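Asks: The sequence and its predicted three-dimensional model are supplied below.
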Amino acid sequence: QVQPVESGGGLVQAGGSLRLSCTVSGRTVSNYAMGWFRQAPGKERDLVATINRSGGTTTYADSVKGRFTISRDSAENTVYLQMNSLRPEDTAVYYCAARYTALDVYYARAADYPYWGQGTQVTVSS
């Protein structure tokens with residue numbers, strides 16, 4: 001069973017920072033294209049950022065460009081989402097998603113990812 005596991009969520013004031021982490025239990029993360037998505041109450045699950053296997057290509061939602069950074073560390077077998085200048089509208093459950101692929105490409109749609117974590121809550125107070 002491929003199971004992404006997120007950590008690092010919490011409560012932060014507007015303007016603050018958080019770093020989310022994601023590992024894939026028992027698997028080598030470098031074999032997977034990875035993505036971060038978020039879902040606020042009553043809303044759909046939306047793309048936040050994605051990264052290809054090598055880490056050389058990343059994509060971001062317009063709403064987080066310049067504030068969030070996705071990265072991966074093969075030695076740590078972990079994918080990160082560094083979130084700076086957080087805003088109340090960033091409040092959501094953040095999900096890590098994984099897709100095993102032999103191609104060094106990124107995937108920007110939630111439907112492209114078969115494996116999902118349980119999510120971690122990020123709350124930004126004003």
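Replies: The structure has been received and is ready for your questions.
Asks: Please enumerate the strands of this structure.
Replies: 4-7, 10-13, 18-24, 32-39, 46-51, 58-60, 68-73, 78-83, 92-100, 115-116, 120-125 (DSSP state E).
Asks: Present these as JSON lines; the columns should include mean pLDDT.
Replies: JSON lines is the format used below for the strands of the chain (pLDDT from 0 to 100):
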{"stretch": "strand 4-7", "mean pLDDT": "95"}
{"stretch": "strand 10-13", "mean pLDDT": "98"}
{"stretch": "strand 18-24", "mean pLDDT": "96"}
{"stretch": "strand 32-39", "mean pLDDT": "97"}
{"stretch": "strand 46-51", "mean pLDDT": "97"}
{"stretch": "strand 58-60", "mean pLDDT": "96"}
{"stretch": "strand 68-73", "mean pLDDT": "96"}
{"stretch": "strand 78-83", "mean pLDDT": "96"}
{"stretch": "strand 92-100", "mean pLDDT": "97"}
{"stretch": "strand 115-116", "mean pLDDT": "96"}
{"stretch": "strand 120-125", "mean pLDDT": "98"}
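Asks: what sits against E89?
Replies: E89 makes contacts with 63, 124, as judged by Cβ atoms under 8 Å, 6 or more residues apart in numbering. C-betas here are computed from N, CA, C, even on glycine.
Asks: related to what we said a few turns ago, from the strands of the chain, which stretch is densest packed?
Replies: strand 32-39 (a mean of 24; mean count of other Cβ atoms under 10 Å).
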